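In: Quick one, fold the following:
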Amino acid sequence: MDRSDRDASTDRRTLLRRLGASGALATTAVAGCTSETSGSAGRQETTGAGTTGTRTTGADTTAPDSLATEPVASGFAAPLGLAAPAGLDGRLYVVDQGGTVTVVASEGDDGSDGDRAAFLDVADRLARAGGEMGLLGVAFHPEFPDEDRVYVRYSAPLRDDMPGDYSHTFVLSEVRATPDAADPDSERVLLEIAEPQANHNAGSVAFGQDGLLYVGVGDGGGGGDRGTGHVEDWYDGVPGGNGQDVTENLLGSVLRIDPLGGDDVAVGGDGDPYGVPQDNPLVGREGLPEQYAWGFRNPWRFSFDRETGDFLVADVGQNEWEEVNRVAAGGNYGWNVREGFHPFDAAEAPTETPDGDPLIDPVLEYPHGDAALSGISVIGGYVYRGDAVADLAGTYVFGDYRPGGDLFLAEPRESGRWPTRAVPTDGLDSGLLSFGEGPDGELYVCTVGDAGGSVRRIVDG
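Out: Sure, this is the predicted structure:
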């Protein structure tokens, strides 16, 4: 692409990002737990078809029958995640929804909170904190602190040049930092997207093993991926669908960008906020080239298996099915044509697009309802690669927003559905918000309850 073509493409992409939905004028609990009929708090818990009350889906796994957690740090409002850069003596950087990142440097021998200090505060830049808005994610450059860049994802007030009846602005920014503190005045905004409604904001940001930054973007909110702020797509069974659109906006997708730009990029360079990798699937094709995969509703937490490189994206369902996907470049993961393995809002639905591209099934699903393996909003986790719980090795550990004291364990398979079951987990009686992974492969849970938010480490039960 020569410079003139690149400038024209960049201008168009900038306009589409700011408008959010092809210029169309338009118009909460964490992880999509809101009513799809009214937009108010308290998502409906509709029992999905196929609820059997059994604990296991598929073949038996060799994972433990129970787990436990031990306290690491408490006193947060709503911890939505943590990062643990390698080589920093086990420091944990905890994201609190209200707009702060706290560094926990060590832990007390008696299980009490360790030394902690403020790392970053962007509370004054938020539209609000609560529901699905606020400070939603953080990612450290893979070479941190030598490369002193940290990336944050938050909900900002609506910009003046965005549709006045939209909700707020999706912001992805870079700040410069030492291991002890980030400088909020160094903020460099990489990406802004007009968000039509207050929910389905995703929030995960993470570097892949390729050194590129992956960014989750929800479908724009509301119910069914339709209504104000949702564009038309190829599927006539359900009106609208940002999840099935790749040309009008970046909603309903996972993006992949090079935040530093460089020579090996299709779009971007010196002075541009970021670069688009040459091998992104839509480079040179119709569509916005930042998109890596699409067909998502609300991808609430994703991770990379540090051994296999598998990219696992949990996608919050609507009223019946929760799902986890193994994601590849250019994949279409079905929303709003399908929810899990099932047609959405229809008796039947296609399994491919008119161009013959498949709508890729998840590797696992579970229903809403009252069974042990059921819930209301999936919380994506990690494949366990630590040493503290030997029987957990190679198991995908995840959960659900509904309180209940269980974690979910899935056995990764090369093909087909992953056997999945719920296991009782001591110390996990409060609401689960997110997971984190230490540099040693040990896993952490972020929870919230009557006593506030806390971070706990998963240990043998």
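
In: can you give me the strands for the stretch 301-450 of the chain?
Out: 311-315, 321-326, 338-339, 342-343, 364-367, 378-383, 396-400, 406-410, 420-426, 431-437, 443-449 (DSSP state E, counting those that start in this stretch).

In: closest one to residue 193 among those strands?
Out: strand 311-315 (18.2 Å; C-beta to C-beta). All C-beta spots, glycine's among them, are computed from the backbone N, C-alpha and C.

In: now the stretch 351-461 of the chain, which segments are flagged as low pLDDT?
Out: Counting by pLDDT under 70, the stretch 351-461 of the chain shows no low-confidence range.

In: which non-adjacent residue is nearest residue 366?
Out: residue 373 (5.1 Å; C-beta to C-beta, 6 or more residues apart in numbering).

In: Now do that neighbour: how many residues are near it, please.
Out: Counted with other C-beta atoms under 10 Å, the neighbours of residue 373 add up to 21.

In: Save the strands of the stretch 301-450 of the chain as JSON lines, and put in distance to residue 217 and mean neighbour count too.
Out: Below are the strands of the stretch 301-450 of the chain laid out as JSON lines (distance: least, C-beta to C-beta, whole Å; neighbours: other C-beta atoms under 10 Å):
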{"stretch": "strand 311-315", "distance to residue 217": "12", "mean neighbour count": "28"}
{"stretch": "strand 321-326", "distance to residue 217": "15", "mean neighbour count": "26"}
{"stretch": "strand 338-339", "distance to residue 217": "18", "mean neighbour count": "24"}
{"stretch": "strand 342-343", "distance to residue 217": "23", "mean neighbour count": "18"}
{"stretch": "strand 364-367", "distance to residue 217": "22", "mean neighbour count": "26"}
{"stretch": "strand 378-383", "distance to residue 217": "15", "mean neighbour count": "26"}
{"stretch": "strand 396-400", "distance to residue 217": "20", "mean neighbour count": "26"}
{"stretch": "strand 406-410", "distance to residue 217": "25", "mean neighbour count": "26"}
{"stretch": "strand 420-426", "distance to residue 217": "26", "mean neighbour count": "20"}
{"stretch": "strand 431-437", "distance to residue 217": "17", "mean neighbour count": "25"}
{"stretch": "strand 443-449", "distance to residue 217": "21", "mean neighbour count": "23"}
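
In: With distance to residue 156 added, can I get the ones you listed in JSON lines?
Out: Shown next, in JSON lines, are the strands of the stretch 301-450 of the chain (distance: least, C-beta to C-beta, whole Å):
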{"stretch": "strand 311-315", "distance to residue 156": "24"}
{"stretch": "strand 321-326", "distance to residue 156": "28"}
{"stretch": "strand 338-339", "distance to residue 156": "30"}
{"stretch": "strand 342-343", "distance to residue 156": "36"}
{"stretch": "strand 364-367", "distance to residue 156": "34"}
{"stretch": "strand 378-383", "distance to residue 156": "24"}
{"stretch": "strand 396-400", "distance to residue 156": "29"}
{"stretch": "strand 406-410", "distance to residue 156": "33"}
{"stretch": "strand 420-426", "distance to residue 156": "36"}
{"stretch": "strand 431-437", "distance to residue 156": "21"}
{"stretch": "strand 443-449", "distance to residue 156": "23"}
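
In: ok, the residue nearest to residue 366 to residue 400 distance?
Out: Separation of residue 373 from residue 400 (C-beta to C-beta, to the nearest Å) stands at 9 Å.

In: which residues do those two both contact?
Out: 366, 408 (C-beta atoms under 8 Å, 6 or more residues apart in numbering).

In: And the closest residue to residue 336 other than its chain neighbours, its phi and psi?
Out: Distances taken as C-beta to C-beta, 6+ apart put residue 225 closest to residue 336, at 3.8 Å, once the chain neighbours are dropped. Torsion angles at residue 225 (phi, psi; degrees, to the nearest 10) stand at phi 60, psi 50.

In: Report the contact partners of residue 225.
Out: Contacts of residue 225 (C-beta under 8 Å, 6+ apart): 219, 238, 240-243, 252, 297, 335-336.

In: Just checking, which of those residues comes out lowest on pLDDT?
Out: Looking at those by pLDDT, the weakest one is residue 240, with 82.

In: closest one to residue 73 among the strands of the stretch 301-450 of the chain?
Out: Of all those, it is strand 443-449 that lies closest to residue 73, at 9.5 Å by C-beta to C-beta.

In: So which elements touch the closest one?
Out: strand 67-76, strand 79-83, strand 431-437, strand 452-460 (3 or more C-beta pairs under 8 Å, 6 or more residues apart in numbering; DSSP states H and E).

In: ok, now with 10 Å
Out: In terms of contacts (3 or more C-beta pairs under 10 Å, 6 or more residues apart in numbering; DSSP states H and E), strand 443-449 is packed against strand 67-76, strand 79-83, strand 92-96, strand 378-383, strand 396-400, strand 431-437, strand 452-460.

In: for residue 136, phi and psi?
Out: Per degrees, to the nearest 10, the backbone of residue 136 is at phi -110, psi -20.

In: Please verify my assumption that it contacts residue 202.
Out: Yes - when contacts are counted by C-beta atoms under 10 Å, residue 136 is listed as touching residue 202 (7.5 Å).

In: Mutual contacts of those two, please.
Out: Taking C-beta atoms under 10 Å, 6 or more residues apart in numbering as the contact rule, residue 136 and residue 202 both touch 153, 170, 216, 300.

In: so of those, which ones are in strands?
Out: Judged by DSSP state E, the subset of the shared contacts of residue 136 and residue 202 located in strands is 153, 170, 216, 300.

In: Can you tell me which of those comes closest to residue 381?
Out: residue 300 (10.9 Å).

In: just checking, what packs against the strand ranked longest in the chain?
Out: In the chain, assigned by DSSP E, the strand with the most residues is strand 182-195. Helices and strands touching strand 182-195, by 3+ C-beta pairs under 10 Å, 6+ apart, are helix 3-19, strand 116-121, strand 149-156, strand 168-177, strand 213-217, strand 253-257.

In: buried set for it?
Out: 182, 184, 187, 190-195 (16 or more other C-beta atoms under 10 Å).

In: Parallel or antiparallel, which strands does that strand pair with?
Out: Here strand 182-195 has these sheet partners by DSSP bridges: strand 168-177 (antiparallel).
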